[in-house]
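Novice: Give me a 3D structure for the following:
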Amino acid sequence: MPFSLPLPDSLRHQGWKVKIREKERVEEPHATVIRGKQVWRFGLRSLGFLDADPDPRHVPQEVVDAILGAMDVLREEWDEAYPENPVQSEPDEAE
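Specialist: You can find the predicted model right below:
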């Protein structure tokens, strides 16, 4: 089941969405930023946009700030949806 990150009303009313989508298990862990028909992938490991097209500069800083502020939740949701491809890919040092 997809996960939608709650965004401030001002961003939602402009059409912005941030999701962990279904059927993305083999891709690098990411949150999908959506506005209309445009889609950007924001890496949960790299903490940056994964693609140059569409231009990430078209994503408002407020959306990026919302993603970075919810990184723990987004990583948890990704790991729950895709346990075979967790965000934290290195072995835990405590083990």
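Novice: switch to C-alpha atoms for all contacts and neighbour counts from now on
Specialist: OK.
Novice: Hmm, residue 85 and residue 26 touching each other?
Specialist: Yes - Residue 26 is within contact range of residue 85, at 7.1 Å (criterion: C-alpha atoms under 8 Å).
Novice: higher neighbour count, those two?
Specialist: residue 85 (17 against 9; other C-alpha atoms under 10 Å).
Novice: Tell me where this structure has helices.
Specialist: Counting by DSSP state H, one finds helices in the chain at the ranges 9-13, 61-69, 71-81.
Novice: mind giving me TSV with those helices and columns for mean pLDDT?
Specialist: Below are the helices of the chain laid out as TSV (pLDDT from 0 to 100):
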stretch	mean pLDDT
helix 9-13	96
helix 61-69	98
helix 71-81	96
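Novice: What is the neighbour count of residue 83?
Specialist: Other residues close to residue 83 by other C-alpha under 10 Å number 12.
Novice: Next one: it from residue 56, what distance?
Specialist: Distance from residue 83 to residue 56, counting by C-alpha to C-alpha, to the nearest Å: 28 Å.
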